[in-house]
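[1] Quick one, what's the 3D model for this:
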Amino acid sequence: MTVREELIREIEQTSDDVLEVLLSFLRQRRLSNSEAFLAIDLAEISSAGLTAQKHYPLRGMPLVIAEDFDEPMSDLWDALGT
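    Numbering: from 1, shown residues only. Modelled structure (predicted):
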């Protein structure tokens, strides 16, 4: 997955409040390109829900390990020649 595709996927899953804050920041940054980096108001982002917006699609799914997971693989060792 490219960075662009990953970014688009994250944007699609983000709430409108967070997107408004980010868009506002990007506009300010563009206008002040010659100035020093503008600090983001963390309280504003936090209230928009950015910090709680992480997406973990596998969380909560059961972890299944094969019954023979830790059994010796003699065929593999023979093929490796050791």
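
[2] can we go C-alpha only for contacts and neighbour counts from here?
    Will do.

[3] model confidence over the longest helix along the chain, on average?
    Taking DSSP state H as the criterion, the chain has its longest helix at helix 16-31. Average pLDDT, helix 16-31: 80.

[4] Numbering from 149 from now on, please.
    In the new count, where the first residue is 149, that last one comes out as helix 164-179.

[5] What residues sit buried inside it?
    Buried residues in helix 164-179, counted by 16 or more other CA atoms under 10 Å: 166-167, 169-170, 173, 177.

[6] Reformat the residues you listed as CSV; add distance to Leu228.
    CSV is the format used below for those (distance: CA to CA, whole Å):
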residue, distance to Leu228
Val166, 53
Leu167, 53
Val169, 56
Leu170, 53
Phe173, 56
Arg177, 57
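
[7] Which elements pack onto the longest helix of the chain?
    helix 190-196 (3 or more CA pairs under 8 Å, 6 or more residues apart in numbering; DSSP states H and E).

[8] Flag the helix or strand of this protein with the lowest per-element mean pLDDT.
    helix 190-196 (a mean of 58; mean pLDDT, DSSP states H and E).

[9] In CSV, list the C-alpha atoms belonging to whatever helix or strand comes next after that one.
    Counting by DSSP states H and E, the next helix or strand C-terminal to helix 190-196 is helix 222-228. Coordinates of each C-alpha in helix 222-228 appear next as CSV, following Å, rounded to 0.1, in the frame of the first residue of the first chain:
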residue,chain,number,x,y,z
SER,A,222,12.7,-32.8,10.6
ASP,A,223,12.0,-32.6,6.9
LEU,A,224,12.9,-28.9,7.0
TRP,A,225,16.2,-29.5,8.8
ASP,A,226,17.0,-32.3,6.3
ALA,A,227,16.4,-30.0,3.4
LEU,A,228,18.6,-27.4,4.9
